[in-house]
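K.L.:
for reference, the sequence and a predicted model appear below.
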Amino acid sequence: MKHNRLFAAALATLMAASVVLGGCGGSSSSSSSSGDTGSGNAASSDTGAASGGGEAAASDDGIEKPETITIMVDGTVTTQENNQQAFIDKFKELTGIQLIINQPDHDAYYDNVGQTFASGPDNWPDVIILSSTYYAGYAGEGALWDMTDAYENSELKGRINESGQSVIDGLRIDGHLYGFPSGRGNGCVTYVKKKWLDNVGMEAPTNYDEYIKMLDAFTTGDPDGNGVDGDTYGVSAAGIIAAETPYINYLPEFYQDAFPSFVKGDDGVWYDGFTEQSFKDALTRLREAYAAGYIDKETLTNGTNDCRNKFYEDKFGVFTYWAGTWDSNLKNNLEANGLDGELVPLKPLAEVADVGGYIERTPPVWAITEACENPEGVFKYFIETMHDGGEIQTLWSYGVEDVHWSRKAEEVCGNTYAEGEFHFAESLEKPGTQYTKQHMDSMLALVPIVDDIGANGHAPEAVESQEIFNNNCRQAQLVPSTDEMAQYNGDLTTLKNSIVADVVVQGVSIDEAYQRFETEHGAEWSKMIVDSLNAQ
Amino acid sequence: MAKLSKEAAAVTTNKRPLTTSLYFYRGFYIMFIPVLVFAILFHYLPMYGIRYAFTTYKGVKDPVFIGMGNFTKMLGMPAFWSAFGNTIYLSVVKLLLNTFAAVALSLLLNELRSLKFKKFAQTLVYLPHFMSWVVTASVFTLILSPTSAGLVNSILVKLGIVQAGNEIYFLADQKWWVPMYFMINVWKDTGWATIIFMATLSGISPELYEAAGIDGANRWQAMRYITLPALANTIITVLILNLAKIMNLFESVFVMQNDAVMKQSDVLQTYIYTQTFNSGALPDYGYTTAVGLASSIVGCILVLVCNKASYKVRGRGIM
């Protein structure tokens, strides 16, 4: 018995020691996890290099050029499968800087970002790509370098046009800039099938009344010309409220001036748009349209892929989706199904235009972490050069010549190109398709490329929809992260979305819905968050 | 005999020094090392993360100790209680339905006389188990679609039960979501659950059935007085073992929930997910760890209750 007790005690001690030692080595445990992360797709084994600094000669302004820069990126940057090494080599040739790229799996990117930050500054990259929510969050936590002065005193500022400036201003948190976008955020524009308009004898709508009449005709008439009335519907979307900010971008005609989350008014005071009359009016419009069958009955359970497929199958005629390249994608897929692919990208309806037009999402940013040893150098030689309007921006936009694009006479994916004609190469990752860009989209560039090699490579419809969007949009607001937001906004968002679904799909009255908002603490949480935002 | 017993007792109570014992059983201990290392690395070390439940922590700055603050907040959140109630309700009903459906199906399969058809039927009912929940949800979203494309609604319209244009949105209707959830679960998991019952059934001595036949028992009586009693112990074991896992409900709910049915479908694991990824800010890992810890504690209590129940019912525990 004593023997067993001794053995049990030894085992228990071993277990306890392992836990305690594990605790002492908490950071090493985390860092090994981050190491896994880092090794996920790292392009170089030299991950231990003290980068973002280096001993290279200083320029006239005293800013040293870093020898190496470690970057953590999602799948929007050239992947290893698509010959990332060629990109790294070309970047070094152009800048003299060795890039060390840590590129976790795109779908698990923010899990890896969280692990990397949690593992401590020793494991942070010099530069990291962050979406708006994480950008505001990590800036609020003091993990990102304040690049306000660097930007204000840079040559880059002079190169950026007015609309680009508004994009950058939209990224300021209390006047400070902690990240820089690679381009505009882009957003969704409403496409209408031209054939359907012709079949019902209507013009593209310019205001909400005309829009509703068009939806009615698409729902009750025979817009697809199959001889059956009422077997189609007007519009579909992936959710009544989108899962991510800016939330209302898939059904802008119904939301108009309404917004379901926190908004900073012209007077600089934050408020919750969900509690405003404008949002109740939007809910009424949505409920009426849903009850009339104008909106896809399955909107709540649709994913974006479901919507696209239904659009290609000619089940509905109005689709609010990404401007630019997606116009061509929609057109090509419709034509592949033997349908007319001509789409009319709508200018915002009068009611939407009155509040600034379509909503442009806050773009992801390149942020320099506080762990970077030479942030001024990284800003000047990495972020500024990304927008040089020349060779380096071209590299970020199109990739490497004869690897990602070419001007040779050849046939690529069934398309024939003459000598000297710019075209993208066949994707290594997705054979049978051509690249459409590398990291940056030249149609969304903040600084136009001089002698843009791909200027004529964009489909005319893509250019048209992008121009309509760019000329008729307003910036989504960046909401700072507060403790109250972290504590209550998850529950609050769930409650709001549930109430919206209640009203639109279940037909619950607005009064009843907002009564629920009160009784289930929504109003209380909303006020706490608003107060915390205004107290900042 | 008495002398022998004394010697045996002396052997079993022989107090060897620990080192001698370790050396004597060295082979076993060496074999045990990989298991021990695995358990420490992957089960015990991660438990150190429990400390975050008592802190506020966003993953950048050091955690700030707040004592029981996260638990106080959690207990005051209606969404937590709703998720807790849904977890228990959905899990328990699902467990009972799946188990009894599996028993019923096993009994039916057991009655099949054609071996070929029996194997074919078994294979057919096992197949849904191998579909991922994502695929299953997609398939049933189509089948239950509130449009003319939805199989169920088309049949209901054809039968005149619902009017065209007023089709039922089964997966977004607060009345229908829960029954649909149970139905889909039964469809997916019942077949697989029959394996253990079929194994028990095959172990019942045919002599019992022959004897019952001689005594004039019909098939129903044979099932009632032979088959079911033979299955009873297995049914209880399966129920008890699965009861311990009921707090882990996530994937099947996550792929089928939507904004309209959050009140009915939000369970603790989806609640944690929402708190982590849907807050519009950096999540407070302290709070989500606290909710996860609470869920684990309830799970532990259930295991202990099950163990006790197992002792009572079967005379031995499950651990």
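P.N.:
All right, it came through fine.

K.L.:
look up the closest residue to A:Lys194, ignoring the ones flanking it.
P.N.:
A:Glu342 (4.0 Å; C-beta to C-beta, 6 or more residues apart in numbering or on different chains). C-beta coordinates here come from the backbone N, C-alpha and C atoms, glycine included.

K.L.:
OK, contacts around that neighbour?
P.N.:
A:193-195, A:331 (C-beta atoms under 8 Å, 6 or more residues apart in numbering or on different chains).

K.L.:
what is the neighbour count of residue 242?
P.N.:
All of this is about chain A. 18 (other C-beta atoms under 10 Å in any protein chain shown).

K.L.:
wait, I meant chain B there
P.N.:
B:Asn242: 18 surrounding residues under other C-beta under 10 Å.

K.L.:
any idea how far it is from B:Trp192?
P.N.:
12 Å (C-beta to C-beta, to the nearest Å).

K.L.:
before we move on, the earlier item: now the residue nearest to A:Lys194, what are its backbone angles?
P.N.:
phi -70, psi 130 (degrees, to the nearest 10).

K.L.:
and it, what's its pLDDT?
P.N.:
With respect to pLDDT, A:Glu342 has a value of 95.

K.L.:
tell me where chain B has strands.
P.N.:
B:55-56, B:64-65 (DSSP state E).

K.L.:
most tightly packed of those?
P.N.:
Mean neighbour count (mean count of other C-beta atoms under 10 Å in any protein chain shown) peaks for strand B:55-56 among the strands of chain B, with a mean of 20.

K.L.:
could you work out the most separated pair of the contacts of A:Glu342?
P.N.:
By the measure C-beta to C-beta, A:Lys195 and A:Lys331 form the most distant pair in the contacts of A:Glu342, at 11.8 Å.

K.L.:
and the strands of chain B as a markdown table, adding distance to B:Ile33 and mean pLDDT?
P.N.:
Compiled in a markdown table, those are given as follows (distance: least, C-beta to C-beta, whole Å; pLDDT from 0 to 100):
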| stretch | distance to B:Ile33 | mean pLDDT |
| --- | --- | --- |
| strand B:55-56 | 34 | 92 |
| strand B:64-65 | 36 | 94 |
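
K.L.:
in a markdown table, list those strands along with distance to B:Lys94.
P.N.:
Output for the strands of chain B, formatted as a markdown table (distance: least, C-beta to C-beta, whole Å):
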| stretch | distance to B:Lys94 |
| --- | --- |
| strand B:55-56 | 35 |
| strand B:64-65 | 39 |
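
K.L.:
show me the one of these that comes nearest chain A.
P.N.:
Across the strands of chain B, chain A has its closest neighbour in strand B:55-56 (7.6 Å, C-beta to the nearest C-beta).

K.L.:
the closest one: how far from the chain's middle?
P.N.:
31 Å (C-alpha atoms, centre = their mean, to the nearest Å).

K.L.:
what's the answer for stretch B:229-240, then?
P.N.:
Taking mean C-alpha positions (C-alpha atoms, centre = their mean), stretch B:229-240 and its chain are 15 Å apart.

K.L.:
and the gap between the closest residue to A:Lys437 other than its chain neighbours and A:Glu461?
P.N.:
Nearest in space to A:Lys437, with sequence neighbours left out and distances taken as C-beta to C-beta, 6+ apart, is A:Ser397 at 6.3 Å. Going from A:Ser397 to A:Glu461 by C-beta to C-beta gives 20 Å.

K.L.:
residues contacting the residue nearest to A:Tyr211 when sequence neighbours are not counted?
P.N.:
The shortest distance from A:Tyr211 to any non-neighbouring residue, by C-beta to C-beta, 6+ apart, is to A:Pro205 (4.2 Å). Counting by C-beta under 8 Å, 6+ apart, A:Pro205 touches A:211, A:213-214, A:346, A:349.

K.L.:
try B:Ala53
P.N.:
B:70-71, B:286, B:289-290, B:292-293.

K.L.:
try 10 Å this time
P.N.:
Contact analysis of B:Ala53 by C-beta atoms under 10 Å, 6 or more residues apart in numbering or on different chains lists B:66, B:68-71, B:74, B:285-294.

K.L.:
which ones among those come in contact with chain A?
P.N.:
Subset of the contacts of B:Ala53 in contact with chain A: B:70, B:285-288, counting by C-beta under 10 Å from any C-beta of the partner chain.

K.L.:
how about those, which pair is most distant?
P.N.:
B:Asn70 and B:Tyr285 (10.1 Å).

K.L.:
out of the contacts of A:Pro205, which are inside helices?
P.N.:
Within those, residues falling in helices by DSSP state H are A:211, A:213-214.

K.L.:
ok, those vs B:Ile272, which is closest?
P.N.:
A:Tyr211 (40.6 Å).

K.L.:
gap between the closest one and A:Gly273?
P.N.:
22 Å.

K.L.:
higher neighbour count, the two?
P.N.:
Using other C-beta under 10 Å as the criterion, A:Tyr211 and A:Gly273 rank with A:Tyr211 on top: 26 against 19.

K.L.:
save the strands of chain B as JSON lines, and put in distance to chain A too.
P.N.:
Output for the strands of chain B, formatted as JSON lines (distance: least, C-beta to the nearest C-beta, whole Å):
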{"stretch": "strand B:55-56", "distance to chain A": "8"}
{"stretch": "strand B:64-65", "distance to chain A": "10"}
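
K.L.:
to B:Phe140, which of those strands lies closest?
P.N.:
strand B:55-56 (40.2 Å).

K.L.:
just list what the closest one packs against, helices and strands only.
P.N.:
Where contact means 3 or more C-beta pairs under 10 Å, 6 or more residues apart in numbering or on different chains; DSSP states H and E, strand B:55-56 is packed against helix A:483-504, strand B:64-65, helix B:69-76, helix B:285-314.

K.L.:
how many other residues sit next to B:Thr136?
P.N.:
20.

K.L.:
same check on the one 3 residues further on?
P.N.:
Burial of B:Val139 is recorded as 14 neighbouring residues (other C-beta under 10 Å).
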